[in-house]
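# When you get a sec, could you give me coordinates for this:
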Amino acid sequence: MKQKKNISTILIYIALILGSVIMIFPFVWMLLTSFKTNAEVMQIPPTILPSNWNFSSFTKALDLLPFGNLYFNTAVMILLRVLCAVLFCSMAGYAFAKLNFKGKNALFLLIIVQQMIPGQIFIIPQYQMVAKLGMTDTMFSLVFPGVVSAFGTFFLRQAYMGIPDEIGEAAYLDGCNRWQTFTKVMFPLTKASVAALAVFTAVFAYTDLMWPLVANTNINSTTLSAGLSSLNGQFSTNYPVLMAGSLLAMLPMVVLYLFFQKQFIEGVAMTGGK
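Numbering: from 1, shown residues only. The predicted structure follows:
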């Protein structure tokens with residue numbers, strides 16, 4: 001019996017190692033490609049290691065793209081989207097979980113339905129609203145789609161549903177009004193869920209490609225993901241430069257994950273558990 005258990009454990013570790021290798025291989029390939037020449041990239045059969053470690057791809061990427069502006073725009077967009085998501089989704093989630101009001105179930109059903117609809121459907125009406133406000137090619141246009149989040153509302157509603165109603169009732173008996181109950185009692189109890197939502201929102205904002213391409217056509221006012229798309233040529237692409245630019249662009253998310261990996265893992269586990 002013990003031998004069978006050891007064999008099953010070994011098989012599980014082998015499967016996990018193979019899965020890790022498969023997942024990390026694209027990153028390793030991107031890293032190695034950034035140090036190759038374009039001729040080496042197009043070579044058949046392909047080579048794994050570059051013959052000469054070429055660092056010129058990084059200098060070309062820095063010359064072609066205004067990374068200073070792209071980093072700044074992306075950081076500000078992520079920060080504002082996270083703040084808006086935490087603020088509005090916390091209030092909405094608390095209302096749907098703990099308050100009773102007319103049309104509550106119908107409104108929450110709309111939020112659930114919105115999560116089933118591809119986000120690309122909303123691009124045209126969102127762009128029309130931003131254009132009529134005269135806010136294209138601005139920071140407002142980048143933040144606008146992330147001001148509210150159906151996923152964030154549902155996510156935090158589930159967190160507030162896990163808090164016993166007796167806690168809110170005790171706060172009311174102690175003299176707290178509804179707003180004080182939310183800000184001083186309920187919201188602090190959902191810090192782990194809020195941190196997880198902040199990480200998810202930051203990742204979603206960072207990977208958003210289509211909206212920045214539509215709303216901000218000026219390279220100096222767009223984000224990293226949209227800026228990288230300009231490295232794709234119409235007839236040919238310098239892949240080492242593209243990979244070098246991708247490495248430079250992914251640095252913020254690597255730093256973010258290193259600082260908030262605990263909250264990210266807890267958020268994934270919490271989402272699956274709910």
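# Please, which helix or strand holds the residue positioned nearest the centre of the chain?
Nearest to the mean C-alpha position of the chain, by Cα atoms, centre = their mean, lies V203 at 1.5 Å. Secondary structure assignment for V203, by DSSP states H and E: helix 191-207.
# Let me see the ranges of the strands in the protein.
Per DSSP state E, the chain carries no strands over any range.
# what about the helices in it?
Along the chain, counting by DSSP state H, helices occupy 2-33, 38-41, 56-64, 67-98, 104-116, 123-132, 139-143, 150-161, 165-173, 178-180, 191-207, 210-215, 224-229, 239-273.
# could you give the angle of the helix holding V203 to helix 67-98?
140 degrees (axes from the mean of the first three to the mean of the last three Cα atoms, to 10 degrees).
# Return the mean pLDDT over helix 191-207, rounded to an integer.
For helix 191-207, mean pLDDT is 85.
# just how off-centre is it within its chain?
Between the centre of helix 191-207 and the centre of its chain there are 6 Å (Cα atoms, centre = their mean, to the nearest Å).
# Likewise for stretch 225-233?
Worked out by Cα atoms, centre = their mean, stretch 225-233 lies 19 Å from the chain centre.
# neighbouring contacts of it?
Applying Cβ atoms under 8 Å, 6 or more residues apart in numbering, the external contacts of stretch 225-233 come out as 61, 64-67, 70, 74, 206-209, 212-213, 216, 219, 237-238, 241-242, 245-246, 249. For every residue, glycine as well, the C-beta is placed using N, CA and C.
# Give me the phi and psi angles of F35.
phi -100, psi 0 (degrees, to the nearest 10).
# Please report the number of neighbouring residues for it.
20 (other Cβ atoms under 10 Å).
# next one: F144
20.
# Might one say that it is in contact with Q128?
No - between F144 and Q128 there is no contact under Cβ atoms under 8 Å: 11.7 Å.
# Nearest residue to R157 in space, please, no chain neighbours.
G93 (4.1 Å; Cβ to Cβ, 6 or more residues apart in numbering).
# same question, T33
In space, T33 is closest to M243, 4.4 Å off (Cβ to Cβ, 6+ apart).
# sorry, back to before: if any of the contacts of stretch 225-233 are buried, put those into a PyMOL selection.
Per 16 or more other Cβ atoms under 10 Å, the buried members of those correspond to this PyMOL selection:
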select buried, resi 61+64+65+66+67+70+74+206+208+212+213+216+238+241+242+245+246+249
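# pLDDT below threshold where in the stretch 1-150 of the chain?
1-5 (pLDDT under 70).
# Let me fix that, I meant to ask about the stretch 151-274 of the chain.
In the stretch 151-274 of the chain, residues with pLDDT under 70: 233-236, 263-274.
# show me what contacts the nearest residue to G152 once chain neighbours are set aside?
In space, and not counting its chain neighbours, G152 is closest to C89: 3.4 Å by Cβ to Cβ, 6+ apart. C89 sits next to V148, S149, G152, T153, F155, L156, L197 when contact means Cβ under 8 Å, 6+ apart.
# Now do the helix holding V203: which elements does it pack against?
helix 67-98, helix 150-161, helix 224-229, helix 239-273 (3 or more Cβ pairs under 8 Å, 6 or more residues apart in numbering; DSSP states H and E).
# these two touch, right, V82 and A195?
No - between V82 and A195 there is no contact under Cβ under 8 Å: 10.3 Å.
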